[in-house]
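> Based on what follows, work out the 3D shape:
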Amino acid sequence: MNEDTGALDLDSLTAWCATHIQGFTGPLTATRFAGGQSNPTYRLAAPSGSYVLRRKPPGVLLPSAHQVDREYRVMKALQDTQVPVPRMHALCEDPAVIGSTFFVMDFIPGRVFMDARLPGLTPHERTAVYDSMNATIAALHSVDVHSVGLGDFGHPGNYMARQISRWSKQYRASETTPIPAMDALMEWLAGYTPPEDRVAIVHGDYRLDNLMLHPTEPRGVALLDWELSTLGDPLADFAYHAMVWRITPELFRGLAGNDLATLGIPDEQHYVADYCRRTNRTAIPDWEYYIVYGMFRIAAILQGITKRAIDGTAAAPDAVELGSRARPLADLAWSIARAARR
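Purely as a prediction, here's the structure:
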């Protein structure tokens, strides 16, 4: 964390919290979390407790971007389910308070791991963490969207076709030098979309570093960063984080090439089987398709980073290096696709 409060008006915010957060007492201090969140996030400290504030960036924004109101809505709806989310306190859509829409939720202490190999943990702890991660996404995909009031949270049906179209357009808009594998992937993915067996709440960015772990125990306590959540195909959501078994740590935070048994991490087959058991499936017939789609999506995102680096608008200092991984990731995805279609 750093001390930049991002020009938060603490007097105005304190007055709002006193009115909208039960049991709140000031005074209030704010510390901004470091990192690349597209929605600035702060830890709030007050005599009544610790909270987290997540806001839209100030200024003119694209209408579909930075929808913290959607993040608030989905986490509020999941409050009494098996999905671990922080307790939501209140949403403020009045820009007069701090300059943009924001919400306040409980601060949850915990640990965040970026490395899928979970350095520093014992094999037993790694096994438990992966089981918790599997149970969490299975619980999310098992929520009855209507019973929690999220029946209108997205556009059910045709999810994969819409996603492939979206990320293909994103890639074309940020294309710099040709990547033949991306051209082949776009054609291959659009040529067939798996039948959608069910509609579920999808997180949209489910991965290890978005699941906060308990400070000392090997289990998830808070699933965060719901900005891309919607209704859609849960298998695409599941495969997006299960790609780590196919990708090396050097390429993009993966597990490939590691001795998983020694680490205590389940192999891909067992991890998928656990998810199927928890979601009442016998198998996932189009599993390779979903894996390829996930890699294609990541490659399109990385290409966007490359374009921003060239344009001089990339925020990350390692944007050039990060963006350079788009090509090898696309090549890997295309090799899987070619093998799958035989």
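
> mean confidence for the strand or helix carrying residue 333?
For residue 333, the element it lies in under DSSP states H and E is helix 326-340. Mean pLDDT, computed over helix 326-340, is 96.

> tell me what that helix is packed against?
With contacts taken as 3 or more C-beta pairs under 8 Å, 6 or more residues apart in numbering; DSSP states H and E, helix 326-340 sits against helix 180-190, helix 249-252, helix 287-311. In this view, the C-beta of every residue, glycine as well, is placed from N, C-alpha and C.

> Nearest approach to residue 170 belongs to which of these?
The closest of these to residue 170 is helix 287-311. By C-beta to C-beta, the value is 5.2 Å.

> what residues does the helix or strand that comes right after that closest one touch?
Following helix 287-311 in sequence order, the next helix or strand is helix 319-323 (DSSP H and E). For helix 319-323, contacts defined as C-beta atoms under 8 Å, 6 or more residues apart in numbering pick out 302-309, 314, 316.

> Let's see the ChimeraX selection covering just the buried ones among those residues.
Selection of buried members from the contacts of helix 319-323 for ChimeraX, criterion 16 or more other C-beta atoms under 10 Å:
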select :302,303,304,305,306,307,308,309,314
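
> sorry, back to before: could you check the angle the helix holding residue 333 makes with helix 287-311?
160 degrees (axes from the mean of the first three to the mean of the last three C-alpha atoms, to 10 degrees).

> centre of the chain versus helix 326-340, how much separation?
Centre-to-centre, helix 326-340 and its host chain are 22 Å apart (C-alpha atoms, centre = their mean, to the nearest Å).

> got it, and stretch 148-164?
Distance of stretch 148-164 from its chain centroid, counting by C-alpha atoms, centre = their mean, is 17 Å.

> residues of that stretch that come out buried?
In stretch 148-164, counting by 16+ other C-beta under 10 Å, buried: 148, 150, 153-154, 156, 159-160, 163-164.

> Let me have those residues in JSON lines, extended by secondary structure and pLDDT.
Converted to JSON lines, the buried residues of stretch 148-164 look like this (DSSP: H, G, I helix; E, B strand; the rest coil; pLDDT from 0 to 100):
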{"residue": "148", "secondary structure": "coil", "pLDDT": "98"}
{"residue": "150", "secondary structure": "coil", "pLDDT": "97"}
{"residue": "153", "secondary structure": "coil", "pLDDT": "96"}
{"residue": "154", "secondary structure": "coil", "pLDDT": "92"}
{"residue": "156", "secondary structure": "coil", "pLDDT": "76"}
{"residue": "159", "secondary structure": "helix", "pLDDT": "94"}
{"residue": "160", "secondary structure": "helix", "pLDDT": "96"}
{"residue": "163", "secondary structure": "helix", "pLDDT": "95"}
{"residue": "164", "secondary structure": "helix", "pLDDT": "97"}
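
> just the helices and strands packed on helix 326-340: most buried one?
Burial of those is given as mean neighbour count (mean count of other C-beta atoms under 10 Å); helix 287-311 ranks first at a mean of 21.

> And that helix, what does it pack against?
Applying 3+ C-beta pairs under 8 Å, 6+ apart, one finds that helix 287-311 makes contact with helix 159-174, helix 180-190, helix 234-242, helix 319-323, helix 326-340.

> try 10 Å
Packed against helix 287-311 by the contact rule (3 or more C-beta pairs under 10 Å, 6 or more residues apart in numbering; DSSP states H and E) you find helix 159-174, helix 180-190, helix 234-242, helix 249-252, helix 268-278, helix 319-323, helix 326-340.

> Just the helices from the stretch 51-200 of the chain, written as ranges.
Counting by DSSP state H, counting those that start in this stretch, the stretch 51-200 of the chain has helices at residues 68-77, 123-141, 159-174, 180-190.

> Also compute the angle for the third one relative to helix 234-242, please.
When you say that, I think you mean helix 159-174. Counting by the same axes, to 10 degrees, helix 159-174 lies at 50 degrees to helix 234-242.

> Now find how far off-centre helix 159-174 is within its chain.
18 Å.

> Would you check how far apart the spatially most central residue of the chain and residue 339 are?
For the chain, the residue nearest the mean C-alpha position is residue 205 (2.2 Å; C-alpha atoms, centre = their mean). Going from residue 205 to residue 339 by C-beta to C-beta, to the nearest Å gives 27 Å.

> low-scoring stretches of the stretch 201-342 of the chain, by residue?
Across the stretch 201-342 of the chain, the ranges flagged by pLDDT under 70 are 314-316, 342.

> Please apply the same query to the stretch 51-200 of the chain.
Counting by pLDDT under 70, the stretch 51-200 of the chain has low-confidence residues at 58-66.

> could you redo the last one with a cut-off of 80?
Within the stretch 51-200 of the chain, the segments meeting pLDDT under 80 span 57-66, 156.

> Let me see the ranges of the strands in the stretch 1-150 of the chain.
Counting by DSSP state E, counting those that start in this stretch, one finds strands in the stretch 1-150 of the chain at the ranges 29-32, 41-46, 49-55, 88-92, 102-106.

> Compare those strands and give me the one nearest residue 201.
Comparing these by C-beta to C-beta, strand 88-92 comes nearest, at 15.6 Å.

> and the closest one with helix 68-77, angle?
Computed by the same axes, to 10 degrees, the angle between strand 88-92 and helix 68-77 is 150 degrees.
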